[in-house]
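> using only what follows, build the 3D model:
(chains A, B, C and D)
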There are 2 protein chains.
Amino acid sequence: MSDVARAAGVSLMTVSNVLNGRPNVGAETRLRVLEVVDELGYEINLAARRLRSGRTGTVSLIVPRFDHQYYSELAARISDVLAPEGLHLVVEQSGASRERELSALSLARLQQYDGVLLSAVGLDFQDLDRIHPDVPIVLLGEQDVPDRYHRVKMGNVTGARLATEHLVECGARRIAVLGGRLEAPHPEMATYRARGWAQALEAAGLSPDPSLAIPLESFSIAEARSAIRERVQGGLEVDGVLGVTDEVAIGAMAGLRDAGLVVPEDVQVVGFDNLRVSEHVGPGLTSVDPGHDAMVAHALRLLRQQMDNKGTTPEHVVSEVALVVRGSTRRPVNDRK
Amino acid sequence: MSDVARAAGVSLMTVSNVLNGRPNVGAETRLRVLEVVDELGYEINLAARRLRSGRTGTVSLIVPRFDHQYYSELAARISDVLAPEGLHLVVEQSGASRERELSALSLARLQQYDGVLLSAVGLDFQDLDRIHPDVPIVLLGEQDVPDRYHRVKMGNVTGARLATEHLVECGARRIAVLGGRLEAPHPEMATYRARGWAQALEAAGLSPDPSLAIPLESFSIAEARSAIRERVQGGLEVDGVLGVTDEVAIGAMAGLRDAGLVVPEDVQVVGFDNLRVSEHVGPGLTSVDPGHDAMVAHALRLLRQQMDNKGTTPEHVVSEVALVVRGSTRRPVNDRK
DNA sequence: TTGAAAGCGCTAACAA
DNA sequence: TTGTTAGCGCTTTCAA
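Purely as a prediction, here's the structure:
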């Protein structure tokens, strides 16, 4: 920068003012500086700027895994919204293990950004309660969090209830919740969605059969596929499957096919997330749409509030869900006259 | 840091030495410092460290889109390899437009990292030739690049040839290349893969019909689906489809189904990338596996070479591809006696 | 509208 | 083994 200042015959401050688009620079001076910048191929040192000013122009999104589609679609959506505002998004992977998560979340890391969107499944209430980041932060996701955090979550119970009600209406009676978990030390996605499943069954007068709540470890397509195949081949009777995510539901469709069952004739399937691919697999996957765009808008509004003035009261926002009906479920029984 | 030093009764340097795990610190002193660090909740300022030392402990992967599955799987793979080495991966999206790409690639941005893996589709030879980053950088991808860059690419032509040969062996005669492009200003993924398609057809004595090379803009599932549906419904005769990516092939399978055709009985389909989902869609997608792990290993080796000693001669590595046969293609005709 | 001085928090180099 | 000094490249503050 001092090279530029010298070559342009101005002071460091003038160069800085030009590069930051500040108003108090003469038009002629500005041009001369820009010319020299170009000529010398000068690029600003962001580390120095950050050290001095604190600003970085960068927001971070921290997700458990890059290769879970829900997160990569989320990242793309957020990036597309931030880019026009001049903010840059970087995505980090926390690895879903508490250890890697805590390291990714060291305050040192977080402090590098103007704001952080944190979708951390491995951290529980106490972890989050212990840390006091002074970076604007919004939590995305389903775990229980201390009140002082801003947070956006899906309508998990409602969505799972909607999905299960739909299966019941379409004639399913033995409905499994693949990836669902009836009990867990901390409430999480898998328990909330299992709760919605149980609520819908009870409301329909069908008592939830615990053997139909099939827990998963990784929620991967492959795991879901073999899990449902093994249960069905082991004699489990099923005429409906609620996958706790769309990836799980896609695995379920494959596993049911493996077992010689046809979707939706023998077994109906519903997912949760409404991924972009879901429209295009098999007969089309009926899925709970979590209101992606609204969630992103909420999250960024909450983040911006904190970035602009530190004193906002924390909000907990729950997104509105909606069922998207496709070919993996049949028509409601009432419609079939 | 000076607070810590004062509270522990040592100098700044000793604190720095402890935090960096440098050897020249007495065991007792180290313990005392760590205690105070814990007590005060001190966290190092990475911006300052970066400014002073240049090191960041962070590698960046720049991809066109977060939500193209190939890239998210790539990111996860790279992150999983880097994490045990104590390096952190951040992923940035360049947006596939030249403008956003150039901004994501401003040297200022790149300089923030110890190394950069760049998968940039919008930049051409001349863009890359103009910039002279002094950060270690490895290019991933299919575009033509100046010799001075290290680069890892897929065996595009070979892979597409393998895939097309397989379709021919399995009895297909009217084979479309969906997303393929016979001519383009700069060679790119879509042209290389179309070239492999054409080579295989010619070798089999089938001359490539230009109307069977169906270009796409975004290579999205939805676009691929409607493109193939419209062609087929418009009278295009096809008994095999090579999707230039697995996402395109998944779209193709959906579009063929829309048009009333059955895979693989009426039309056989092959993809390229061997995504994790591809095993689980429809009858299972036959696909070209680009050797993901080997590519990652090559790329990180080349990056590390540059990070360790600046004077390595640039390498251009081409990964070995292999065909993974699944249900979307039939058995080779010769096997069917 | 422009410039000079100070310092952000850390680490390299050297000294004790 | 520990400490001192200087300065990374920028921006804030204040003065001209």
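
> show me the contacts for the spatially closest residue to residue A:224 that is not a sequence neighbour.
The shortest distance from residue A:224 to any residue other than its chain neighbours is 2.8 Å, reached at residue A:251 (C-beta to C-beta, 6 or more residues apart in numbering or on different chains). To be clear about C-beta, it is placed using only N, CA and C from the backbone, and glycine gets the same treatment. Neighbour list for residue A:251: A:178, A:220-225, A:227-228, A:243, B:280 [criterion: C-beta atoms under 8 Å, 6 or more residues apart in numbering or on different chains].

> run the last query once more with 6 Å
Applying C-beta atoms under 6 Å, 6 or more residues apart in numbering or on different chains, one finds that residue A:251 lies in contact with A:221, A:224-225.

> and for residue A:253?
Neighbouring residues of residue A:253 by C-beta under 6 Å, 6+ apart: A:263, A:269, A:282.

> ok, now with 7 Å
A:263, A:269, A:281-282, A:328 (C-beta atoms under 7 Å, 6 or more residues apart in numbering or on different chains).

> same list (these) but as TSV, adding pLDDT and secondary structure.
Putting the contacts of residue A:253 into TSV (pLDDT from 0 to 100; DSSP: H, G, I helix; E, B strand; the rest coil) gives the following:
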residue	pLDDT	secondary structure
A:263	96	coil
A:269	98	strand
A:281	97	coil
A:282	93	coil
A:328	98	coil
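
> which one (most neighbours) among the residues you listed?
Highest neighbour count within these: residue A:269, with 32 neighbours (other C-beta atoms under 10 Å in any protein chain shown).

> dump the contacts of residue A:253 to a markdown table, plus distance to DNA strand D.
Formatted as a markdown table, those follow (distance: C-beta to the nearest atom of the strand, whole Å):
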| residue | distance to DNA strand D |
| --- | --- |
| A:263 | 57 |
| A:269 | 54 |
| A:281 | 49 |
| A:282 | 53 |
| A:328 | 54 |
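
> DNA strand C: which of the residues you listed is nearest?
Within these, distances to DNA strand C taken as C-beta to the nearest atom of the strand reach their minimum at residue A:281, with 49.3 Å.

> does that closest one touch residue B:285 like I think?
No: with contacts defined as C-beta atoms under 7 Å, residue A:281 does not count as touching residue B:285, sitting 10.9 Å away.

> in the stretch 151-300 of chain A, mark out all the strands, start to finish.
Ranges of strands in the stretch 151-300 of chain A, per DSSP state E, counting those that start in this stretch, are A:175-178, A:213-214, A:240-243, A:268-272, A:286-289.

> what's the longest one packed up against?
When you say that, I think you mean strand A:268-272. With contacts taken as 3 or more C-beta pairs under 7 Å, 6 or more residues apart in numbering or on different chains; DSSP states H and E, strand A:268-272 sits against helix A:156-169, strand A:240-243, helix A:246-258, strand A:286-289.

> up against chain B, what does the stretch 1-150 of chain A have?
A:43-44, A:46-48, A:50-51, A:65-67, A:69, A:72-73, A:75-76, A:79, A:83, A:89-93, A:95, A:100, A:106-108, A:111-112 (C-beta under 7 Å from any C-beta of the partner chain).

> with adjacent residues omitted, what lies nearest to the residue of the stretch 101-250 of chain A found nearest DNA strand C?
At 8.2 Å from DNA strand C, residue A:108 is the closest residue in the stretch 101-250 of chain A, using C-beta to the nearest atom of the strand. Once flanking residues are discounted, residue A:108 sits nearest to residue B:43: 4.5 Å by C-beta to C-beta, 6+ apart.

> that neighbour - how many residues pack around it?
16.

> who's in contact with it?
Contacts of residue B:43 (C-beta under 7 Å, 6+ apart): A:106-108, A:111.

> how about residue A:89, phi and psi?
For residue A:89, the backbone dihedrals are phi -110, psi 130 (criterion: degrees, to the nearest 10).

> now do the SS call for the nearest residue to it once chain neighbours are set aside.
Once flanking residues are discounted, residue A:89 sits nearest to residue A:79: 4.3 Å by C-beta to C-beta, 6+ apart. Of the three states, residue A:79 takes helix under DSSP: H, G, I helix; E, B strand; the rest coil.

> got a pLDDT number for residue A:79?
Looking at residue A:79, its pLDDT is 94.

> let me know how buried it is, in neighbour terms.
25.

> residues touching it, list them.
The neighbours of residue A:79, taking C-beta under 7 Å, 6+ apart as the test, are A:89, B:66, B:93.

> for the first one, list each beta-bridge partner.
Read that as residue A:89. residue A:59 (DSSP bridges).

> what about it, neighbour count?
Counted by other C-beta under 10 Å, the residues lying close to residue A:89 total 23.

> state the distance from it to residue A:63.
12 Å (C-beta to C-beta, to the nearest Å).

> contacting residues for the residue of chain A found nearest DNA strand D?
As assessed by C-beta to the nearest atom of the strand, DNA strand D sits closest to residue A:1 within chain A, at 2.6 Å. Residues in contact with residue A:1 (C-beta under 7 Å, 6+ apart) are A:12, A:15.

> so what's it scoring on pLDDT?
Looking at residue A:1, its pLDDT stands at 87.

> cool, residue A:185 as well?
According to the prediction, residue A:185 has pLDDT 85.

> helices of the stretch 201-337 of chain A, start to end?
Ranges of helices in the stretch 201-337 of chain A, per DSSP state H, counting those that start in this stretch, are A:221-233, A:246-258, A:292-308.

> export the longest one as CSV, just CAs?
As requested, the backbone C-alpha atoms of helix A:292-308 are provided in CSV (Å, rounded to 0.1, in the frame of the first residue of the first chain):
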residue,chain,number,x,y,z
HIS,A,292,-36.3,-23.2,2.7
ASP,A,293,-36.4,-19.6,1.4
ALA,A,294,-38.3,-18.3,4.5
MET,A,295,-35.8,-20.0,6.8
VAL,A,296,-32.9,-18.4,5.0
ALA,A,297,-34.6,-15.0,5.1
HIS,A,298,-35.3,-15.3,8.8
ALA,A,299,-31.8,-16.4,9.6
LEU,A,300,-30.2,-13.6,7.6
ARG,A,301,-32.5,-11.1,9.1
LEU,A,302,-31.6,-12.2,12.6
LEU,A,303,-27.9,-12.2,11.7
ARG,A,304,-28.1,-8.7,10.2
GLN,A,305,-29.9,-7.3,13.2
GLN,A,306,-27.0,-8.4,15.4
MET,A,307,-24.4,-7.2,12.9
ASP,A,308,-26.0,-3.8,12.7
